[in-house]
Structure formats: structure tokens, C-alpha cells
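**Q** Sequence below, structure please.
(one chain, ligands or ions: 1)
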Amino acid sequence: MHHRFGYQRVLEDIDLCVQAGQAVALVGPSGCGKSTLLNLAAGLLSPWEGRIDSSFGQAAMMFQQPRLLPWKRTLDNIALGLKARRTPIAERQTRARQLAHRMGLDDDALDKFPAALSGGMQSRAALARAFAVSPDLLLLDEAFAALDIGLKSELYGLLARERAAAGSAVLMITHDLMEALRLADRILVMSGSPGRIVAQHRVATPVGERDDAWVFARTAEFIRWPDIRAAFALPPLAAT
Ligand SMILES: Nc1ncnc2c1ncn2[C@@H]1O[C@H](COP(=O)(O)OP(=O)(O)OP(=O)(O)O)[C@@H](O)[C@H]1O
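**A** Here you go, the predicted model:
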């Protein structure tokens, strides 16, 4: 698959398959085409050349900004996708409330409008909204980039738990190698101008066994890989 905006070739020779239940992370330097690739996967853009086949039934997307509707209360924001699917009101509110409680939001927060919530609470609501529709594919566009490290860590745990329960596949883009190593089964490295997938790494350790020490040690190894250094324009390491 290839993509271009006008005369600018943005993605070239992209051949990517996300299996059911699998978590795939795309890492690469700014401007290499990660968001474009995610938007293509979401069906928000059509490829210039080639095609995208999907057998996923229900996708949900989460962005760096929570993007909650300011005029709807938090509970109704979480239930939005269920409303679009014409789920009866009592059922959708019950499901939204249960999910929100699992994400650490209490009834008081659910009754508020998004502007009255902290950024962290808004992100919890955005994660609950994504899982409310029981997605078999979750698309994450730098979804945790704006959060502090404590909140990130908590939301990673919540994501892993809900994902395991729902069996959702994940396609995520991130600048953060630690985040990719924490969450993904496969890490695809992109380089830019035009964007290509230049390397692929499998992460065999189960997500539940990846504690901080494991992530730090793997990140230190990962950052030494020549393909990672080249993709991010880091100078080669001197031979020891
Ligand atoms: N709608 C658009 N119209 C024209 N050019 C675009 C459009 N969207 C993205 N581009 C260009 O495509 C290239 C890839 O952009 P994209 O946002 O996909 O990269 P990215 O890897 O996600 O970047 P970042 O990590 O900084 O968010 C950039 O050169 C960008 O300017």
C-alpha cells in the first residue's frame, strides 16, 4: 500500500497485518507517517494505491486529546458509541457506569461535564468510551503521551486488563519506546521520507510479566539496535 498527499509520497510499500487479539506498535520519528497509517487503518483515509482489508467488526479509536463532547455529561460521553449502536438507554448507561468504575471514575465524576474533570479523569473516560463498544480492534494515536508517569502506568494496566477480557487487537502509534515495549506483541519501526516499515521486533514476554525493571532493561537494549538508531537519526554507537 502506498499513500501520498498531493505530490508528497508519505507512505511507501506498507505491508502490515494485525492479527486478532494482537497488539502492534508503530514507532518512528516525527513526520514519518504514523498518524497517516493509523488513519488509513481506521478508514478515515483511503490509500492512494493498494488496499486495506479488514475482518474486524468493531473498531474504536483513542487520541492524545480525550476529545470528549463538552456538552455531554461524562457518563453520556462514555455511552456515546452504544447510543450510536441504538443500545437501549438503561443498558448503555449500566454498561458505561460499570466500565467507568473499573477505570477509577466514581458516580460524582460521571455526572459532571468533561470541563470539570482533570486531564487524567478525561483520559480514563476516553478509555472507557473506547471499550464500551467491545472493540475487536483498538486504534491508539499517542493516547497516553500527555499523561504523567503514574497515570500512564495505571492506564497501561487498565488497558491490558480490558484488552485481555475483550480479546481486542491493538494498533498503536507512539514516540515512546518504553510504552511500545510495555504494551506490544510486535513493534514495527518506521523511517521517514517516505514512510516505510524498516524493521520488526517481536516481544515474547507476556504483558503481565513486563514490570518496570524489565521495561527499562529492554529499552536500554532496544535503543542500541542499529535499525532503531538509524530510524531516529541517532549517531551509531562506537564499537566496544
Ligand atoms: N492532511 C494532510 N495533508 C497534507 N499533508 C499531510 C496531511 N497529513 C499529514 N501530512 C503530511 O504527511 C507526513 C506524515 O504525517 P503524519 O502526521 O502521518 O506523521 P507522524 O509520523 O504521525 O508525525 P508525528 O509523530 O509528528 O505526529 C508529514 O509530512 C505531514 O506534513
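
**Q** Which residues of this structure lie near the ligand?
**A** 5, 10, 28, 30, 31, 32, 33, 34, 35, 36 (C-beta under 6 Å from any ligand atom). All C-beta atoms are positioned from the backbone trio N, CA, C, and that covers glycine.

**Q** So what does the fifth one look like in phi/psi?
**A** With angles defined as degrees, to the nearest 10, residue 31 sits at phi 90, psi 0.

**Q** okay, now it: neighbour count?
**A** Residue 31: 12 surrounding residues under other C-beta atoms under 10 Å.

**Q** if I pick it, what's in contact with it?
**A** Listed by C-beta atoms under 8 Å, 6 or more residues apart in numbering, the contact partners of residue 31 are residue 192.

**Q** Report pLDDT for it.
**A** Residue 31 is assigned 90 on the pLDDT scale.

**Q** Pick out the residue nearest the middle of this structure.
**A** residue 140 (2.0 Å; C-alpha atoms, centre = their mean).

**Q** wait, that one sits on residue 176?
**A** No: contact criterion C-beta atoms under 8 Å: residue 140 and residue 176 do not qualify, at 11.5 Å.

**Q** Can I have the buried ones of the residues of the chain next to the ligand as a ChimeraX selection?
**A** Selection of the buried residues among these in ChimeraX, burial being defined by 16 or more other C-beta atoms under 10 Å:
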select :10,28,32,33,34,35,36
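
**Q** Would you mind giving the residues of the chain next to the ligand as TSV with secondary structure added?
**A** Shown next, in TSV, are those (DSSP: H, G, I helix; E, B strand; the rest coil):
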residue	secondary structure
5	strand
10	strand
28	coil
30	coil
31	coil
32	coil
33	coil
34	helix
35	helix
36	helix
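
**Q** Adding distance to residue 43, write the residues of the chain next to the ligand out as a markdown table.
**A** Formatted as a markdown table, the residues of the chain next to the ligand follow (distance: C-beta to C-beta, whole Å):
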| residue | distance to residue 43 |
| --- | --- |
| 5 | 17 |
| 10 | 17 |
| 28 | 22 |
| 30 | 24 |
| 31 | 23 |
| 32 | 21 |
| 33 | 17 |
| 34 | 17 |
| 35 | 14 |
| 36 | 13 |
